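Engineer: Model the structure of this input:
(2 chains)
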Amino acid sequence: KNEVEQSPQNLTAQEGEFITINCSYSVGISALHWLQQHPGGGIVSLFMLSSGKKKHGRLIATINIQEKHSSLHITASHPRDSAVYICAVRNNDMRFGAGTRLTVKP
Amino acid sequence: DAGVIQSPRHEVTEMGQEVTLRCKPISGHDYLFWYRQTMMRGLELLIYFNNNVPIDDSGMPEDRFSAKMPNASFSTLKIQPSEPRDSAVYFCASSFGTDTQYFGPGTRLTVL
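Structural biologist: Here you go, the predicted structure:
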């Protein structure tokens, strides 16, 4: 079993839909990261969380430390949100989920 | 700041050759990470440095891989000798403490 599990693996949505991507982990962590990787390959860090909730524009990330679970939400999704979203947990090192490929259709 | 800078952006080499990848972290950042990404294994942490000192190299695949950070503004990842299975995108990232990591554009390595 992977230490960081993401679901779903693939997600297709219509423009405007509310998106949720989930991440569960089984190790102790100091922080959890949500990364976005565009088709061109570049990686951007969206959020770093150690507790609670963060919001940036249409993106919201939450974490429940007791349940070892985090969610990334996208409100009013847009085709430019199409990317792979990767959950990563950090303690002394970094462990990555396999990623969720999101496609938003116009 | 220009962000994390990596060079070269693309490298094609033949099996057995030495490959050196370079990274310039964001000025002021005290952590530097080297990652590898393949279709089969996704993103993997290879090694990371804190204040130029290697902290954890348990992700380095084997002795053919080595990484150095001679000063706060430069790091190298060397593969000698290279093999086709080393073909991947290699990312460098830096952070200040445990804050957000900033990724470089990556180096796409192809070993023929």
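Engineer: Going by C-alpha atoms from here, please, whenever you check contacts or count neighbours.
Structural biologist: Fine.
Engineer: ok, how many other residues are close to residue 10?
Structural biologist: If you meant another chain, say so; for now it's chain A. For A:Asn10, the neighbour count with other C-alpha atoms under 10 Å in any protein chain shown is 12.
Engineer: hmm, I had chain B in mind actually
Structural biologist: 12.
Engineer: how about the nearest residue to it, chain neighbours excluded?
Structural biologist: Counting by C-alpha to C-alpha, 6 or more residues apart in numbering or on different chains, the nearest residue to B:His10 once its immediate chain neighbours are dropped is B:Arg108, at 4.7 Å.
Engineer: Summarise which helices and strands the helix or strand that contains that neighbour is packed against.
Structural biologist: Assigned by DSSP states H and E, B:Arg108 belongs to strand B:107-111. Contacts defined by 3 or more C-alpha pairs under 8 Å, 6 or more residues apart in numbering or on different chains; DSSP states H and E place strand B:107-111 against strand B:10-13, strand B:88-95.
Engineer: at 10 Å what do you get?
Structural biologist: Helices and strands touching strand B:107-111, by 3 or more C-alpha pairs under 10 Å, 6 or more residues apart in numbering or on different chains; DSSP states H and E, are strand B:5-7, strand B:10-13, strand B:19-24, strand B:31-38, strand B:88-95.
Engineer: winner for burial among those?
Structural biologist: Ranked by mean neighbour count, the helices and strands packed on strand B:107-111 are led by strand B:88-95 with a mean of 25 (mean count of other C-alpha atoms under 10 Å in any protein chain shown).
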